[in-house]
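>>> Provided below are the primary sequence and the corresponding predicted coordinates.
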Amino acid sequence: MSVPLLSVRDLTVDFATRDGTVHVLDGVNFELAAGETLGIVGESGSGKSVTAFAIMGILDHAARVLSGDIRFEGRDVRAMYPRERDLWRGKEASIIFQNPRTALNPIRSVGRQIADVVSRHTPGSSSEIRESVLGAMRQVRIPDPERRMSSYPFELSGGLCQRIGIAAALACHPRLLIADEPTTGLDVTTQAVIMDMIRDIARQGNLGTVLITHDLALASEYCDRILVMHAGHVVETAPVKDLFANPRHPYTYGLLNSVPSMVDSVHDLRAIPGSLPDLRRADLPPCRFAERCPRRIPACDAPGLTLKEAGPSHAVACRNPL
Amino acid sequence: MTTSSIITVENLKRHFVLDRGNFLTRRKPVNLHAVDGVTLDIQPGEAVGLVGESGCGKSTLARVLCRLIDSTSGRILFEGRDITDMSASAFAGSQMRSDIQMVFQDPTESLNPLFNVFDLIADPCRRLKPQKNRAALRAKVEAAAVSVNLPLEFLTRFPHQLSGGQKARVGIARAMVVDPRLLVLDEPTAALDVSVQATVLQLLGSLRRDKGVALLFVSHDLNVVRLLCSRIVVMYLGQVVESGPTDHLFHAPQHPYTHALLSAIPTLGSGARRDRIKLDGDPQSPVNPSADKCRFAGRCPLQQELCTRQAPVLSRTGSGREVRCHFPLAEPGAPK
């Protein structure tokens, strides 16, 4: 196989807090090919967003990347000089943030904010930049872009703000797009429009897309492959159909049975007992799901748990899989 | 509308005044029509789902029903008694306050951080249903905590020591402690993870079954509503556009908005993608809406010329269903 668009090997991240060190990510591995859409799914606190921020190099100051080899088209992203990485970010790899209202600068017009991205990466005359901004706004189908470019975020609806965020992310035609919960907080009808748009743009440009979401149903509709995360571990990865037809990890199985669209009566819902372990603990078990797991066996407490092949491009990190 | 229903609202309106206007300068008044002529009734023990997108007025309607805010016009009947003109403070002091209780959207924001769980649950009980002595109060609070599967050792904790799901359960216990007959839930699971949401939904389902409490479940998530409610009311820009039994509404939506809403829900393992109805266009503004135009016009995929000339009225289409559309859908997906 040729060099993947993005590969992440053994990514481990800690956060130093007043209450101790939080072990947020532990040995995250995955690859993404050009044109592929990978969904990262998990509950809040599972480390989905931290994975995205670590790739982009925009982690909080409290974070420490203990290990991890992040390669973009074979280039080592973490070895880049800060200035080099700044130019890489936005030009070759972009991110769409969760809350469009807080991600945009409230006192700068939206056209200017897109222009900031464009002028940084492709300097040109002001009329050229204006044209690129209008082009980016047209690409995300913002009605009447000439008028809207001088609007401020508070004047636009949530859906339009998110389109601005997407326009800014795509203005320089990146090859990798990370969408971190791009439609959380939007209405379902708006969500459908935004997600269809992201997918169409990604297809046209052969972009590699990472879709981070807590919504399994959304991921199932838009992704080729899904990575399930729990408490900083990748617990299972498989092509969409395979994952839903044949989940191997007890956590994936539990998640699938707690989705309202899967069952016919409220009494058929199966909740996962317990909650995420406290990630500040020094004695975190090798399998961080073990304490909630209905299929726990003595072997679960042995160290050295890794993702193991469980079928064609299906891998699971479990000693007693389904 | 029978007198047996717990609560009935007739042609209820709630307008927010943005600008009173000025007679001398002939500046017209500006009103935001949050709820614009809603008629609804809820029977004892019934679970009704109120669905719509953000800004459609569903939370405002829930608050008016609970008498947390006043209505602009229309009538509210509680068990046949007209309570429209009762002041909010008189309502808060009456027996009816304990009969209608509300669970708020954000479990963190709606719990006082300085109260421990015992006091959070005991507070409404102290105000509305004073007990003979402390032991009686404690028994009442513990019974409420048990009914929401909250372990008793949590009673001494404070909200910041609880997880989201536990906070949601405290919110429900606090409402249930005064034995309400109607529980109004404003997006109680919106802030929760899917596995936690499942426990809260199960809890609500069993509370309804065991205690016979009626539910008005406000949500934007049709899938959640489908599991819990026997009847669904769909709102769009302050008006009811469709209502009916859950199964019928799900399998044969009649209003194009309901149809679009259903088709937009992502579904697990649907494999081949269904035909999705896209609502591109911008919604109309709820500020001074035009009286002779369908509110969905401009986004409706089935719009015709009549829709911009005349506003449709809510009309009965049989078997407890109502729809507000000039050209309702006959079968799933197929225009008449």
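Received it, and whenever you're ready, just let me know what you need. Numbering: from 1, shown residues only, chains lettered A, B, ... in the order given.

>>> Domains in chain A, by residue range?
Domain assignment for chain A, taken from automatic domain parsing, gives A:6-92+A:174-316, A:93-173.

>>> which residues does whatever residue of the stretch 1-150 of chain A ends up closest to chain B contact?
Proximity of the stretch 1-150 of chain A to chain B (C-beta to the nearest C-beta) peaks at A:Glu43, 4.3 Å away. Where you see a C-beta, it was placed from the backbone N, CA and C, and this is true even at glycine. A:Glu43 sits next to A:214, A:230, A:255, A:276, B:193-195 when contact means C-beta atoms under 8 Å, 6 or more residues apart in numbering or on different chains.

>>> among those residues, which are in strands?
Secondary structure defined by DSSP state E assigns A:His230 of those to strands.

>>> Now, of the contacts of A:Glu43, which are buried?
Buried members of the contacts of A:Glu43, scored by 16 or more other C-beta atoms under 10 Å in any protein chain shown, are A:214, A:230, A:255, A:276, B:193-195.

>>> Show me the shaky parts of the chain.
All of this refers to chain A. Applying pLDDT under 70 to chain A picks out residues A:1.

>>> The chain in question should be chain B.
B:1-3, B:269-275, B:331-336.

>>> Enumerate the residues of it near chain A.
B:53-54, B:163, B:165, B:193-199, B:201-202, B:204-205, B:220-224, B:226-228, B:260-261, B:263-271, B:273, B:276, B:278-280, B:282 (C-beta under 8 Å from any C-beta of the partner chain).

>>> Pull out the buried members of these.
By neighbour count, with 16+ other C-beta under 10 Å, the residues of chain B next to chain A hold B:53, B:165, B:193-199, B:201-202, B:204-205, B:220-224, B:226-228, B:260-261, B:263-269, B:276, B:279 as buried.

>>> Looking at the contacts of A:Glu43, spot the one nearest B:Asp41.
B:Val194 (32.5 Å; C-beta to C-beta).

>>> where's A:Gln204 relative to chain B, distance?
Separation of A:Gln204 from chain B (C-beta to the nearest C-beta, to the nearest Å): 18 Å.

>>> Packing partners of the strand or helix carrying that residue?
Assigned by DSSP states H and E, A:Gln204 falls within helix A:188-205. With contacts taken as 3 or more C-beta pairs under 8 Å, 6 or more residues apart in numbering or on different chains; DSSP states H and E, helix A:188-205 sits against helix A:158-170, strand A:176-180, strand A:208-213, helix A:216-222, helix B:256-264.

>>> Throw these into a markdown table and include distance to B:Val170, thanks.
Converted to a markdown table, these look like this (distance: least, C-beta to C-beta, whole Å):
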| stretch | distance to B:Val170 |
| --- | --- |
| helix A:158-170 | 29 |
| strand A:176-180 | 30 |
| strand A:208-213 | 28 |
| helix A:216-222 | 27 |
| helix B:256-264 | 31 |
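
>>> Looking at these, spot the one closest to B:Pro151.
helix A:216-222 (28.9 Å).

>>> Now find how far off-centre that closest one is within its chain.
Distance, stretch centre to chain centre, for helix A:216-222: 13 Å (C-alpha atoms, centre = their mean, to the nearest Å).

>>> anything in it near chain B?
Yes. Contact of helix A:216-222 with chain B (C-beta under 8 Å from any C-beta) involves A:216-218, A:220-221.

>>> Would you mind checking the residues you listed for buried ones?
A:216-218, A:220-221.

>>> Tabulate the domains of chain A (CSV), appending distance to B:Leu24.
Shown next, in CSV, are those (distance: least, C-beta to C-beta, whole Å):
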stretch, distance to B:Leu24
domain A:6-92+A:174-316, 41
domain A:93-173, 30
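
>>> right, so of these, which gets closest to B:Thr308?
Closest among these, using C-beta to C-beta: domain A:93-173, at 18.6 Å.

>>> what distance separates the start and the end of the closest one?
Length of domain A:93-173, first residue to last, C-alpha to C-alpha, to the nearest Å: 9 Å.

>>> Wondering if it reaches chain B at all.
Yes. Judged by C-beta under 8 Å from any C-beta, domain A:93-173 and chain B are in contact via A:141, A:143, A:157-158.

>>> now, among those, which is nearest to A:Ser261?
A:Gly158 (23.2 Å).

>>> That closest one and A:Pro100 touch, don't they?
Yes. With contact defined as C-beta atoms under 8 Å, A:Gly158 reaches A:Pro100; the gap is 6.4 Å.

>>> The two: who's more crowded?
A:Pro100 (25 against 19; other C-beta atoms under 10 Å in any protein chain shown).

>>> Which residues are in contact with that one?
Each residue near A:Pro100 by C-beta under 8 Å, 6+ apart is listed here: A:153, A:158, A:161-162, A:164-165.

>>> about what we covered before: and the residue of the stretch 1-150 of chain A closest to chain B, how far from B:Ala198?
For A:Glu43, the distance to B:Ala198 equals 12 Å [C-beta to C-beta, to the nearest Å].

>>> again, but for B:Glu305
B:Glu305 is 47 Å from B:Ala198, by C-beta to C-beta.

>>> And for A:Ile114?
For A:Ile114 relative to B:Ala198 (C-beta to C-beta), the value is 41 Å.

>>> picking that back up, closest one to A:Ile55 among the helices and strands packed on helix A:188-205?
Closest approach to A:Ile55 among these is made by strand A:176-180 (6.7 Å; C-beta to C-beta).

>>> The residue nearest to B:Gln43 when sequence neighbours are not counted: what's it in contact with?
Using C-beta to C-beta, 6 or more residues apart in numbering or on different chains and skipping the chain neighbours, the partner closest in space to B:Gln43 is B:Ser5 (5.2 Å). Contacts for B:Ser5 (C-beta under 8 Å, 6+ apart) come out as B:41-44, B:77, B:79.

>>> closest to B:Asp247 out of the helices and strands packed on helix A:188-205?
Among these, helix B:256-264 sits nearest to B:Asp247 (C-beta to C-beta), with 12.6 Å.

>>> Just want to check the distance between the residue nearest the centre of chain A and A:Ile40.
Residue closest to the mean C-alpha point of chain A, counted by C-alpha atoms, centre = their mean, is A:Ile212 at 3.1 Å. In this view, A:Ile212 and A:Ile40 are 5 Å apart by C-beta to C-beta.

>>> Before I go, just wanted to say thanks for your time.
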